[in-house]
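Q: whatever this is, show me its structure:
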Amino acid sequence: MALKHRAYPSCMATLPGYAQLTFPDAPEGRPYVLVNMVMSGDGKIVIEGTEQGLGSSSDQALMGQLRSHADAVLNGAETLRKSGSSPLPASEEMRALREYRGLPRAPLGVVLSRSGDLPLDGEFFTSPAFESVVFLADSAHDDRRRAVEATGRRVVSVPVGDSVRAMLRALRVDFGVRVLLCEGGAALNGALFDADAVDEYFVTVGARIVGGDVALTPVRGDRAPSSALVRPLTLVSAVTNPETSEVYLRYRVGTTQGRTSS
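A: Purely as a prediction, here's the structure:
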């Protein structure tokens with residue numbers, strides 16, 4: 001059954017930032033998809049393999065506030081392997097806000113994997129504080145699938161050639177997910193954008209220059225860049241933080257035909 005999102009009461013109106021946002025209804029057949037990333041001033045999303053050191057505690061707080069709206073939090077397998085993944089809201093205040101909205105205290109944790117090569121002893125598979133599901137490509141070896149299933153987490157098979165769209169359909173139809181928050185990585189973001197399935201893009205620009213010629217950017221994929229596939233963005237808000245010199249950007253995403261994806 002789909003969960004109903006409600007506004008919080010006036011006594012909580014002082015909550016800052018992203019906690020006060022509202023989102024449109026989910027499109028037909030998939031959730032309303034938010035992508036949230038942090039990047040350096042030169043557009044890089046990792047330092048020595050992880051995002052740690054790019055964003056401040058203020059950025060982390062905003063990420064937690066976005067989670068207060070989400071029915072599910074999605075990560076790619078590489079992000080899960082390198083950084084771990086937990087959908088838990090960072091503060092008790094955000095968990096209480098979720099409960100008021102009629103949501104579970106923690107979103108559903110979601111990972112999409114082609115191989116099933118996942119850290120099965122990590123929090124994503126062992127924590128009793130949240131439920132999680134693995135969308136596993138049907139090309140994965142049987143032994144990998146059995147190992148993931150042995151953790152007790154639910155495993156859903158998706159076709160390797162259409163895994164993103166199949167996952168989104170299942171999340172909406174079978175799991176009742178109306179708002180899906182994707183927190184990376186870059187390849188998964190790219191697959192979502194290529195499927196015209198991103199409705200809003202949130203990015204924190206950190207006050208760092210990383211440099212180098214191989215560091216990842218927020219969105220990547222296998223196809224060559226093409227003007228025919230460029231997706232326009234409409235700026236919704238831009239907020240500066242004088243204490244950290246960060247900029248917090250919110251965009252609505254258009255499709256390759258110039259229409260908004262929602």
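
Q: now do the contacts for the closest residue to residue 84 other than its chain neighbours.
A: Nearest-residue entry for residue 84: residue 122, 5.7 Å, with adjacent residues in sequence omitted and distances by C-beta to C-beta, 6 or more residues apart in numbering. C-beta: built from backbone N, CA, C; applies to glycine. Residue 122 is in contact with 80, 84, 85, counting by C-beta atoms under 8 Å, 6 or more residues apart in numbering.

Q: which of the residues you listed lies closest to residue 234?
A: residue 85 (29.3 Å; C-beta to C-beta).

Q: give me the number of residues near residue 255?
A: Residue neighbour count, defined by other C-beta atoms under 10 Å, stands at 16 for residue 255.

Q: roughly how far does it sit from residue 77?
A: 26 Å (C-beta to C-beta, to the nearest Å).

Q: show me what whatever helix or strand residue 165 lives in is packed up against.
A: Residue 165 belongs to helix 163-173 when elements are defined using DSSP states H and E. Judged by 3 or more C-beta pairs under 8 Å, 6 or more residues apart in numbering; DSSP states H and E, helix 163-173 is in contact with strand 108-113, strand 132-137, strand 154-158, helix 186-194.

Q: can you put the ones you listed in a markdown table and add distance to residue 237?
A: Output for the helices and strands packed on helix 163-173, formatted as a markdown table (distance: least, C-beta to C-beta, whole Å):
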| stretch | distance to residue 237 |
| --- | --- |
| strand 108-113 | 26 |
| strand 132-137 | 31 |
| strand 154-158 | 34 |
| helix 186-194 | 20 |
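
Q: tabulate the ones you listed in CSV, adding columns for mean neighbour count, mean pLDDT and distance to residue 222.
A: Listed next are the helices and strands packed on helix 163-173 as CSV, based on neighbours: other C-beta atoms under 10 Å; pLDDT from 0 to 100; distance: least, C-beta to C-beta, whole Å:
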stretch, mean neighbour count, mean pLDDT, distance to residue 222
strand 108-113, 24, 97, 16
strand 132-137, 24, 98, 15
strand 154-158, 17, 98, 18
helix 186-194, 22, 93, 8
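
Q: what's the closest of the ones you listed to residue 205?
A: helix 186-194 (15.9 Å).

Q: and the angle from that closest one to helix 163-173?
A: 70 degrees (axes from the mean of the first three to the mean of the last three C-alpha atoms, to 10 degrees).

Q: I'd like the distance between the residue lying closest to residue 150 once chain neighbours are set aside and residue 99.
A: Residue nearest to residue 150 in three dimensions, not counting chain neighbours: residue 120, with 7.9 Å by C-beta to C-beta, 6+ apart. Applying C-beta to C-beta, the value for residue 120 to residue 99 is 30 Å.

Q: among the contacts of residue 122, which ones are buried?
A: 80, 85 (16 or more other C-beta atoms under 10 Å).

Q: tell me the one of the contacts of residue 122 nearest residue 33?
A: Of the contacts of residue 122, the one sitting nearest to residue 33 (C-beta to C-beta) turns out to be residue 85, at 17.1 Å.

Q: helix, strand or coil for that closest one?
A: Of the three states, residue 85 takes coil under DSSP: H, G, I helix; E, B strand; the rest coil.

Q: please report how far the closest residue to residue 195 other than its chain neighbours lies from residue 31.
A: Counting by C-beta to C-beta, 6+ apart, residue 195 lies nearest to residue 164, which is 4.9 Å off, once chain neighbours are set aside. Using C-beta to C-beta, residue 164 is found at 12 Å from residue 31.
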